Structures are given as structure tokens and as C-alpha cells.
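**Student:** sequence and computational prediction follow.
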Amino acid sequence: MTQDQQQKLQQIRHSLAHLTVAAAKSLWPGTCNAIGPAIDDGFYQDFDFGTHTISEKDFPKLEKRMREILKHWKPFKEWEVSVEEARKMFANNPYKLELIEDFATKGQKITVNDPGNFLDLCRGGHSDNPKEDMKHFKLLSTAGAYWRGDEKKKMLTRIYGTAFFTDEDLQKHLTMLEEAKKRDHRKLGVELDLFTFSDLVGPGLPLWTPRGTLIRNLLNDFVWELRRARGYERVTIPHITKKDLYEKSGHWDKFKNELFRITTREEHVFAMKPMNCPHHIQIFKRQPHSYREMPQRYTETTMVYRDEQTGELSGLSRVRCITQDDAHVFCRQSQIKDEFLKVWDIIDAFYKAVGFSVLDVRLSLHDPKHFEKYLGTPELWKEAEGSLRAIATERAKQFTEAPGEAAFYGPKVDFMAHDSIGRQWQVATIQLDINMPERFDLTCVNEKGENERIVMIHAAIMGSIERFVSVLIEHHAGAFPTWLAPVQVQVLPVSTKHDRSAKKLTKLLLEAGIRVHCDDANETVGYKIRKAEKQKVPYMLVIGDKEAKLTKLAVRLRGQQKTKDMMVKKFVERVTKEIEKRK
RNA sequence: GCCCCCUUAGUUCAGUGGUAGAACAGAGGAAUCGUAAACCACAUACGUCAGUUCGAUUCUGGCAGGGGGCUCCA
């Protein structure tokens, strides 16, 4: 889409927000409209319906009225008005009045518009042919949203909708939403039996089944393998700590509300760890370090606990216990680049193996307007950000810079993956930490015998395993690459008289290191195939009279109708190769 | 936390002011089957606590759990 077209679509969508208002006001007099912008894939409009509540059930009625009103709409007229005029025009809409006062104090122009018998306050940018251009729309959902995003202010009702140039585009978009729903990890997670929740355990606390645990461990083992090759060592820490540790690290203050606290019977205050760095720092600090033993690279896959608001919880994407594949590198200034690039190598290798070919790189910097959110001095930050920028420039094909996205202790490089239906997810991260080393006085003894300040690098490859698995499930629609599939090969005897041959074959494959399952249920072949397809097993081996001698196999691939004949030996070689390549 | 919606079997859904019906899954049979199941028959559910009522799974409210969201500004 050209920029012009994109702008035009934005105008159409924004105009539809106005249309929603016009229709809502005519259906429910007394309705006040707040803001209604175009957004990435549609638009929304905020309302105050007073005591009346509306829901998705009202959409057919609302859409119908919208279409009726649209018939009488002409190209939008836009003109400027004075503050007094504006106050008069919107006297019974407190939200518009608040905005008008804002604009007045800032000295901004005030404009209104009218597409035909419907006046609204708006900065402009509307459809110039409403009757034709605005036809292809649909209302999607309602939501609560705070006035101006401030949770201390009133909760408004937000209506989301979308619109496109043509009906085909609209239908395509709706189909995509359906597809996303089908891939929803919460649904697939149940179907594939990967994880579950229990009301007794609580929301946001997933329980991993044998299959789910298998996948977690496979992923984690792979990360460990990549790290071990680069000099990392594993450490282990307890999951609780005295509050003193977080007072010193600064987390107590920053994460007060999210900490799970524990008071002992002797009235000492402990906290569940919300992160691992302060613990790992204590391991580093157990003894003085010579420059000769730097860097020290600690890694540990472990859970952290955060008291998220219940409304924020969602499936695996937002949980209260997060498994991090965490690593902390304690190194000298001069070693930052090498260590960063090592992590970068791991990230590249890992994401290729799990099926994400493209990773976007984002340099996350501090927000200069709100320096109070960060630890340290502006000078320290400038230097740290400079070195990350240099590394990213050298290593990344291209990258974007995002002020305000840094961690509170330092800038970072974030990696974003694109999934198979075009969504973007933040996944891995490498963070430079200049502040914890100051706070905890971390040093090494350098060549001159002096204590030299060191830096820390925080590096998570998957980040949160929960979130990562949710992204992975949705990306592959549950059909994992062979190396990750809980069951890689399903053996299907045609009838019970083939069970013996099937078991023999299963044993053969098991010995070759393949995760194989023999479906010896007393059912038809068609039924067994259906079961294996639903479980997204990559390979199915059908054993009947023709194959009973185990020289040749009928191999059926996941998602494909055709079968292929193959020798047993060749099949084992092929699958083994596929698993080893992690492709 | 806040706003709106939802909660019936393990899962997906139907239904009623007089305590419920199905499909798949499960256990049991029959059949011994060649590339996406469903031949027979069995068991299993109204989230929870109150209120209204002669009577509540159904109506009302609290609680719990789930879903859509919570500044891409007029």
C-alpha cells in the first residue's frame, strides 16, 4: 500500500469513529463521546453511556443505524471555531469541554466538522466520499478504557471496529482474526495437552503436563548447549530472600507492588524473587576476582514470581510465575562487545532452530524526559547507550531505536520475531547493566592490582519460557518442528494381527533415539490417523500386511494425504538427521 | 484493580421456575478394518455462597474462575 492509500484508509477509519458516535447518539440519547482515533488495523471510539450499558449484542442494531445514517452523509466539512463557540457547541459533553480547555491553554486551533447533520469536535482528516468509501466496516468488540488512559479517571466504554477499501479486504481481515483464534495457545494448549490451570492453585499459575514439560526441557537444553559452548556455567539460587537484598538493589522500591511478600513467624519480611540478578550478584561477590578469570558467566533457568493484577493475566502470555532462561555475565568494560556478540550468536542459532527466520532488532534507550525512572547518571547512560549502538551498527543488518524502552538499570538490545500470520513479538533481550555493579560495588582486580569497576550483561534467550511457548504454539499452529514434537513418530498397526510387527518397529525406533508411540488401540486405521493428525505428530508409520516383514514402510507425513514408501533404515536416518539439524 | 461479557460432563455445545440432552474423549462390548473418526451400549455436569419463591440449574446479588480490553489523543 502506498502512503497515500494508507492515509486515505486512516481517514476512512477515523470517519467511521464519527459514524459510530452519530449512530450511538441517535439510539441512546444522552450518550457522550470521548476520543475516537484510527488505529493500526481499524479504529475505536470511547463513550460514556451514562447509566445505560451496551455490549456486543447491541452491535447489529448499532451497525444498522450506522448504515442508515451513512446514506445521508456528504463529504466532511471542516472549519475553525473560537473557544467560546466550541464551549457552547459541546456544552453537554464534559470530555469535549475538557479537551477544549486543554487546547485553549495550549493556544491550539479548535476545529469542528460535519458530514451532514452531525457536528463533532475533531482535528480533521476525514473521508471525502463517505457514502462509498465507508461502506466496508464491522464493529468487533467492546472494552473498558480509562478516560485519557488514567486509572484514576472514569472508565469509559470503548467500541472497536475495523474498515477496509473493499469488502474482500474486510473479509480477508476477518478470516485472519479467525485463524488467530484457531491458533490461540490457550485452546491448542488444552488440545495438545501441554499445560493446565487449576482453580485451587490460582490464576496465572500454569501447571505443565508431561508433554508440555518435555517441550520446555527440550528448548531449555538447547539453550544450555549453546551457552555451554561459550563458557557459561550453571548456578542455583533459592526462590526467596530477605527484603534487604532488594532494598540494596533498588527493586524493593521499583517493584513494591509486584512483589509477593512473606512474613516469617518471627516477623521477618521475605519476598519471592521477581528476578535473579541480585542473587547471582551475591554468588559473584563471594570472593575477589582477578581480571584473569573475567568474564564470569552464570546461567540458570528458574522461576520468578510477580504479583500481577488479576485482570492482566492471560493464558501463558501473562502469568504470575515466569520461568526465565536467565544469564548474567560479569565482565570488564573492554569485554562488553565480545560478550554481547556471543549472546547474539546464541540468539541467531536458537531462533533459526525454532522456526523464526527473521528477527528485528531494537535498541531500547532511556527516556530523557523522565530520567527519574532510571538508576544512575546521564553520563553513565550516554556511554552505555553509545557502546550498544556501536555493537548494533556492526552486527545488525538494520535496527530501530526506541527511547523509553530501556530497563531501569540500563539500555538493551531487544529482538522481535514475526510469526506466521504476521504478528510481531518481543522475544530475546540482551541488557547492559551499569547500575547494579555500582550499587553492589562489583569489581575485579586488574593488571595494576587496582579494583576495577565491572559491568553486568543480562541475557535471556527465550525470556519467559511461558510466553515463548505461547508464541511458538501460535506460530506453528501447534505443529512443532520434529525436534520439538512431544511424539515424533506414531506407529499405526492396521489391525490387531499387526501389533507384533508394530511393537517391534517401535522398539527399533526407540533404540534409535526417536520419541515414538505405538497406537495399538483396537480401532480403524482411519481413526488412528485422525488421532495422530490432531496431535500434530510429524510422522505416521502404517503397518499392515504389506509392511509386516519390516523391510518397507508406508510413511505418512503430518498434514499430507499421500503416503510414501521408505526402507526402515532410511527412515531412521532421515528422522535422526532432521532432529539433529533441529530444523 | 477497573469496565463489559461469560460459566451446564474431561472438551465442545443444547435446554428448562418443578433438578437436564447430545457429540467427542473415557471405561465396556462388537468388528479385525489400508490413510481424518463416530456400530452397540455404560458412566459422568447445572462454578460457589446467599436472597426471592411452595419450589432455583433457570430470576437477583456477593464471591471465584474465564474472555475482550484499559492514552497508536479532539
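**Tutor:** Perfect, thanks for sending it. Numbers count the residues shown, from 1 in each chain, chains lettered A, B, ... in the order given.
**Student:** enumerate the residues of the stretch 351-500 of chain A near RNA strand B.
**Tutor:** By the rule C-beta under 7 Å from any atom of the strand, the part of the stretch 351-500 of chain A lying against RNA strand B is A:Val494, A:Ser495, A:Thr496, A:Lys497. Yep, even glycine has a C-beta here, placed from its N, CA and C like the rest.
**Student:** where does the last one sit: helix, strand or coil?
**Tutor:** In terms of secondary structure, A:Lys497 is helix; the call rests on DSSP: H, G, I helix; E, B strand; the rest coil.
**Student:** what about it, distance to A:Ile543?
**Tutor:** Using C-beta to C-beta, to the nearest Å, we find A:Lys497 at a distance of 10 Å from A:Ile543.
**Student:** compare neighbour counts for those two and give me the winner.
**Tutor:** Neighbours were counted for A:Lys497 and for A:Ile543 using other C-beta atoms under 10 Å; A:Ile543 has more, 26 against 11.
**Student:** my guess is the more buried one contacts A:Thr496, does it?
**Tutor:** No - at 11.5 Å, A:Ile543 does not count as touching A:Thr496 under the criterion of C-beta atoms under 8 Å.
**Student:** now do stretch A:211-224: distance to the chain's middle.
**Tutor:** 19 Å (C-alpha atoms, centre = their mean, to the nearest Å).
**Student:** kindly apply the preceding question to stretch A:49-61 instead.
**Tutor:** When C-alpha coordinates are averaged (C-alpha atoms, centre = their mean), stretch A:49-61 and its chain have centres 31 Å apart.
**Student:** which residues of the stretch 101-250 of chain A fall in helices?
**Tutor:** Taking DSSP state H, counting those that start in this stretch as the test, the helices found in the stretch 101-250 of chain A are A:130-133, A:167-183, A:185-191, A:210-228, A:243-249.
**Student:** in this structure A:Leu19 contacts A:Met66, no?
**Tutor:** Yes - if you go by C-beta under 8 Å, A:Leu19 and A:Met66 touch, sitting 5.1 Å apart.
**Student:** who's more crowded, the two?
**Tutor:** For A:Leu19 versus A:Met66, neighbours defined as other C-beta under 10 Å are more numerous around A:Leu19 (27 against 23).
**Student:** element containing that one, please.
**Tutor:** Following DSSP states H and E, one finds A:Leu19 within helix A:3-27.
**Student:** show me what that helix is packed against.
**Tutor:** strand A:32-33, strand A:38-39, strand A:42-48, helix A:59-70, helix A:130-133, strand A:155-163 (3 or more C-beta pairs under 8 Å, 6 or more residues apart in numbering; DSSP states H and E).
**Student:** most packed of the ones you listed?
**Tutor:** Most buried of these by mean neighbour count (mean count of other C-beta atoms under 10 Å) is strand A:42-48; its value is a mean of 23.
**Student:** that one vs RNA strand B: in contact?
**Tutor:** No - Strand A:42-48 lies out of reach of RNA strand B by C-beta under 7 Å from any atom of the strand, never closer than 8.0 Å.
**Student:** how about stretch A:290-309?
**Tutor:** Yes - Stretch A:290-309 reaches RNA strand B (C-beta under 7 Å from any atom of the strand) through A:Gln309.
**Student:** buried set for that stretch?
**Tutor:** A:291, A:294-306, A:308 (16 or more other C-beta atoms under 10 Å).
**Student:** and it, how far out from the chain's middle?
**Tutor:** On C-alpha atoms, centre = their mean, the centre of stretch A:290-309 falls 22 Å from the chain's centre.
**Student:** rewinding a little: now, which of the buried residues of stretch A:290-309 sits nearest A:Phe340?
**Tutor:** A:Pro295 (11.2 Å; C-beta to C-beta).
**Student:** which of the helices and strands packed on helix A:3-27 sits closest to A:Val112?
**Tutor:** With C-beta to C-beta as the measure, strand A:32-33 is the member of the helices and strands packed on helix A:3-27 nearest A:Val112 (13.2 Å).
**Student:** which residues touch that closest one?
**Tutor:** A:21, A:24-25, A:45-48, A:50, A:92-96, A:120 (C-beta atoms under 8 Å, 6 or more residues apart in numbering).
**Student:** is that strand positioned near RNA strand B?
**Tutor:** No - for strand A:32-33 and RNA strand B, the contact criterion (C-beta under 7 Å from any atom of the strand) is not met; the two come no nearer than 7.7 Å.
**Student:** before we move on, what about stretch A:108-119?
**Tutor:** Yes - applying C-beta under 7 Å from any atom of the strand, one finds stretch A:108-119 touching RNA strand B at A:Gln108, A:Lys109, A:Ile110, A:Thr111.
**Student:** what mean pLDDT does that stretch get?
**Tutor:** Mean pLDDT, computed over stretch A:108-119, is 91.
**Student:** which positions within that stretch qualify as buried?
**Tutor:** Buried-residue list, stretch A:108-119, by 16+ other C-beta under 10 Å: A:Ile110, A:Val112, A:Asn113, A:Asp114, A:Pro115, A:Gly116, A:Phe118.
**Student:** of all these, which comes closest to RNA strand B?
**Tutor:** Ranked by distance to RNA strand B (C-beta to the nearest atom of the strand), the buried residues of stretch A:108-119 are led by A:Ile110 at 4.7 Å.
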